[in-house]
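Visitor: here is the input, now give the coordinates:
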Amino acid sequence: MDNQRNLILAVVLSAALLFGWDAFSRWYFPQPAEPVVSETAPASSDGDDLRHSRTNREGGLHDPAAIALEEKELETELAVPDRIAIAAPEVEGSINPVGARIDDLTFNNYRQTVDEDSGPVRLFSPAGTPAQHFAQFGFVGDGDGVNLPDANSVWQASGGPLAPDSPVTLSWDNGEGQTFTIKFEIDEHYMITAEQSVANTGDTAVVVRPFAFINRTSRTASGDTWNVHSGPIGTFDGAVEFGIDYDDLSDDGAVSPGGRTDWLGFTDIYWLSALVPQQGQNPESEFRPLGNEHYRADLIYQPISVPAGKQVTRSTQLFAGAKQNEVLAGYQAEGISNFDRAIDWGWFEILVKPILWMLTHLFSLVGNFGVAIMLLTVVIRGLMFPIAQKQFASMAAMRAIQPKMKAIQERYKDDKPKQQQEIMALYKKEGVNPLAGCLPLLLQIPIFFALYKCLILTIEMRHQPFALWIKDLSAPDPLHLLNLFGLLPFDVPSFLAIGPLALILGITMFLQFRLNPAQMDPMQQQMFMIMPWVLMFVMAPFASGLLLYWCTSNVLTIAQQAYLYSRHPQLKAQAEKDKSDQERAKARDKKDA
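Guide: This is a model prediction of the structure:
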């Protein structure tokens, strides 16, 4: 009766995990609504609805009406003839002379989808569009009445298009003796440098404060989860700030992190827009909500006095690009503090970096990211093999002294302290460490979690195909068993969306558990029988690359267990004896019933 109750409890808990996970996923990352024909932008939301407006892992607009409106407004906004083109190796777009804004930027090497004819990923969009995201540079006064350019000022452009070795200069003359200029330069990747100058040809000194800010909507933000940060980010006094999100700004108002600002901006899982102030300066910085799901990261320099006949310049860098680890590390080597930590590697960063290095080098060798993941799994399993061997040797030693342990337990069943004392003496006499079997497993946990972080965060895996039906290793398995891989015309509910990779995961994990030594506790046996199939459902929505890693790891573990059993025949014999004893016990229980 107890075993039946335990089995029912195990099934109930497994069902709660399965359906609870699905309900949480649909609440936290709801699916896009059905297309609605509309000529107006979707209604804004505040408070609790903010999280629900960010519905996919990678970010971007998801509402069909908003997408249609974005395309329509981009066509109008980008048709203005005075825009200055940006034509760099990694990015294209334009600079808006009205307000000195960089508000049009797309990536040359990243598409929106896996389709060859899909458009490029757009990072920056003009103000007022549904995907609003732009950087603006300018000047504010210090109360001395200087006539300054504002958001509606039209700057005069010279040079262009903006490209490496081809700068663009914007200038604005206030007619009172002061000329303001912004010289833009771009490198071969994603870094734009803006030199903001004030030339004073008047009779008296003037005081100005150069500024830069990034303005964006959170409607295009990627999902902010417990292990992947999305939202405001920066390095202050040498420490990276991951703790602020969009909801915090909406609830609490503006946030000034304090300390020296090394850089600040907004991050998504794959993209980053950030401002880097001139070294040696001490600008004020702030994240602030603007309402209607719009937010701003401000950088304002200290007041500078420009004497008559002099010119003063402040230089600010704008990073607007993909979070490629090597590119970020290169900028960090040039002096931007902790810039490569814009990728949220987490606690196991020291392990993630070598894994990422090995993965990218394997990819460069074989040319297929899926094969690189499989080879990486082989390498990691090979490195962990000595630990697994020690684990099996410890299990074999523990199995060998089981009869003696049972004798001690029987002899001192009424004297627990004496029983523990004798068991410890037995461990010492036989040279057995009962924790030796656990420690190898504990050592493997951070390594495998580091690999998990590497696979979910690395942009190198985005849109990388593997083989057959797997066209994007960063996306879930596109085939589902219940609709016969798309042959039947219906969409499978998310909690039943089991693809071939998830099925292979469940089968290999089941076989792996079957090879483990039999558990004497019936409850543990039942849980081990159920767990592979529960994990099959839970893991099905994850990226195909993760499932491929896990399936490969399971197959290698099965082969490893078979080999180690051959090296420790006493353990295999004991395992077979335990299973035989359990089967006889079950048969006896049925006969008695």
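Visitor: and stretch 469-485, how far apart are its ends?
Guide: 10 Å (C-alpha to C-alpha, to the nearest Å).
Visitor: and what of stretch 296-310?
Guide: 32 Å.
Visitor: in it, what counts as buried?
Guide: By neighbour count with 16 or more other C-beta atoms under 10 Å, stretch 296-310 contains the buried residues 296-301, 304, 306. (Glycine included, C-beta is placed from N, CA and C.)
Visitor: that stretch: how far from the chain's middle?
Guide: Distance of stretch 296-310 from the chain centroid (C-alpha atoms, centre = their mean, to the nearest Å) equals 37 Å.
Visitor: for residue 276, state which of the buried residues of stretch 296-310 is nearest.
Guide: Nearest to residue 276 among the buried residues of stretch 296-310: residue 299, at 8.8 Å, using C-beta to C-beta.
Visitor: three-state assignment of that closest one?
Guide: strand (DSSP: H, G, I helix; E, B strand; the rest coil).
Visitor: tell me the contacts of it?
Guide: When the contact criterion is C-beta atoms under 8 Å, 6 or more residues apart in numbering, the partners of residue 299 are 211-213, 261, 264, 275, 277, 283-285, 316.
Visitor: and the residues you listed as JSON lines, adding pLDDT?
Guide: Shown next, in JSON lines, are those (pLDDT from 0 to 100):
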{"residue": "211", "pLDDT": "97"}
{"residue": "212", "pLDDT": "97"}
{"residue": "213", "pLDDT": "98"}
{"residue": "261", "pLDDT": "95"}
{"residue": "264", "pLDDT": "96"}
{"residue": "275", "pLDDT": "98"}
{"residue": "277", "pLDDT": "97"}
{"residue": "283", "pLDDT": "94"}
{"residue": "284", "pLDDT": "94"}
{"residue": "285", "pLDDT": "95"}
{"residue": "316", "pLDDT": "97"}
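Visitor: ChimeraX command to pick out the buried ones of the residues you listed?
Guide: A single ChimeraX command selects the buried members of these (16+ other C-beta under 10 Å):
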select :211,212,213,261,264,275,277,283,285,316
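Visitor: can you tell me the closest non-neighbouring residue to residue 103?
Guide: Excluding the flanking residues, the one nearest residue 103 by C-beta to C-beta, 6 or more residues apart in numbering is residue 134, at 3.5 Å.
Visitor: likewise residue 106?
Guide: Nearest residue to residue 106, sequence neighbours excluded (C-beta to C-beta, 6+ apart): residue 120, at 4.2 Å.
Visitor: and this protein, what are its domains?
Guide: 49-344, 356-475+543-592 (automatic domain parsing).
Visitor: just give me the lowest mean pLDDT stretch among these.
Guide: Out of those, domain 356-475+543-592 stands lowest, with a mean of 81 (criterion: mean pLDDT).
Visitor: about what we covered before: quick check: which of the domains of the chain is buried the most?
Guide: Comparing the domains of the chain by mean neighbour count (mean count of other C-beta atoms under 10 Å), domain 49-344 ranks first with a mean of 18.
Visitor: wait, what's in contact with the nearest residue to residue 278 once chain neighbours are set aside?
Guide: Leaving aside its sequence neighbours, residue 278 sits nearest to residue 315 (C-beta to C-beta, 6+ apart; 4.6 Å). By C-beta under 8 Å, 6+ apart, the contact set of residue 315 is 193-196, 278.
Visitor: distance check, residue 315 against residue 156.
Guide: 21 Å (C-beta to C-beta, to the nearest Å).
Visitor: same check on residue 291?
Guide: According to C-beta to C-beta, residue 291 stands 33 Å off from residue 156.
Visitor: what do you get for residue 505?
Guide: Distance, residue 505 to residue 156, using C-beta to C-beta: 61 Å.
Visitor: same check, this time on residue 253
Guide: Counting by C-beta to C-beta, the gap from residue 253 to residue 156 is 38 Å.
Visitor: and if you look at residue 330?
Guide: With C-beta to C-beta as the criterion, residue 330 and residue 156 are 34 Å apart.
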